[in-house]
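Colleague: No letters, just coordinates:
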């Protein structure tokens, strides 16, 4: 439930939202997403959190980061760490949970409602703390993927759960074909 006079802030866990949308077979149109929530209330900030590979000639996420930065999103990034897993696959690690949590707690006195785009159960204590400060929290993720992309305790803690699949018609577009040499695992490694 949204109220038109509510002061809103969006907190987008980039890797988590990317993985949830991918599991539902669509891409997020961030311009439409921002417009949708501007209609739901007074949107004060839209934060987007992601880790970036600093040493790559081409980072698949860089064009999105640049576009978001120039189109009204507050970008929060940090250098990602690269490693090889036990099967010899190249992985990227860049957890942004602490940065998101600190920013949410700092903005809490200035907003009525926070929309968290993540299914990460680690955010349950954050949601609880925001609620104690009088902030309503909606969580956007999906239970329609296999396995579900949202932790059950996070969904239960939230004031409102928004099924990402139900936003597909409003903020989605068909997935684009990846370019040659583009790593699809870039936005999915979170720990």
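Modeller: Yes, it's here. Model, not experiment: these values are computed from the prediction.

Colleague: Could you pull out the strands in the protein for me?
Modeller: Taking DSSP state E as the criterion, the chain contains strands spanning 7-13, 27-28, 42-52, 74-79, 81-84, 90-93, 113-117, 136-141, 160-163, 172-173.

Colleague: buried stuff in the helix or strand of the chain with the lowest mean pLDDT?
Modeller: The weakest-scoring helix or strand in the chain, judged by mean pLDDT, DSSP states H and E, is strand 90-93 (a mean of 77). Within strand 90-93, the residues that qualify as buried by neighbour count (16 or more other CB atoms under 10 Å) are 91-92. To be clear about C-beta, it is placed using only N, CA and C from the backbone, and glycine gets the same treatment.

Colleague: For it, which helices and strands make contact with it?
Modeller: Where contact means 3 or more CB pairs under 8 Å, 6 or more residues apart in numbering; DSSP states H and E, strand 90-93 is packed against strand 81-84.

Colleague: Would you agree residue 5 is in contact with residue 40?
Modeller: No - when contacts are counted by CB atoms under 8 Å, residue 5 is not listed as touching residue 40 (11.0 Å).

Colleague: higher neighbour count, these two?
Modeller: The residue with more neighbours, out of residue 5 and residue 40 and counting by other CB atoms under 10 Å, is residue 40; that gives 16 against 7.

Colleague: residues touching that one, list them.
Modeller: Going by CB atoms under 8 Å, 6 or more residues apart in numbering, residue 40 touches 2, 4, 6, 8.

Colleague: separation between the nearest residue to the last one once chain neighbours are set aside and residue 126?
Modeller: Closest residue in space to residue 8, ignoring its immediate chain neighbours: residue 41 at 4.2 Å, by CB to CB, 6 or more residues apart in numbering. Shown here: residue 41 relative to residue 126, a distance of 20 Å by CB to CB, to the nearest Å.

Colleague: if you count what's nearby, which of the two comes out ahead?
Modeller: Using other CB under 10 Å, the more surrounded residue of residue 41 and residue 126 is residue 126, with 24 against 19.

Colleague: any idea how far the residue nearest to that one when sequence neighbours are not counted lies from residue 95?
Modeller: When the adjacent residues along the chain are set aside, residue 126 lies closest to residue 101, with 5.0 Å between them (CB to CB, 6+ apart). Taking CB to CB as the measure, residue 101 falls 11 Å from residue 95.

Colleague: Brilliant, that's me finished.
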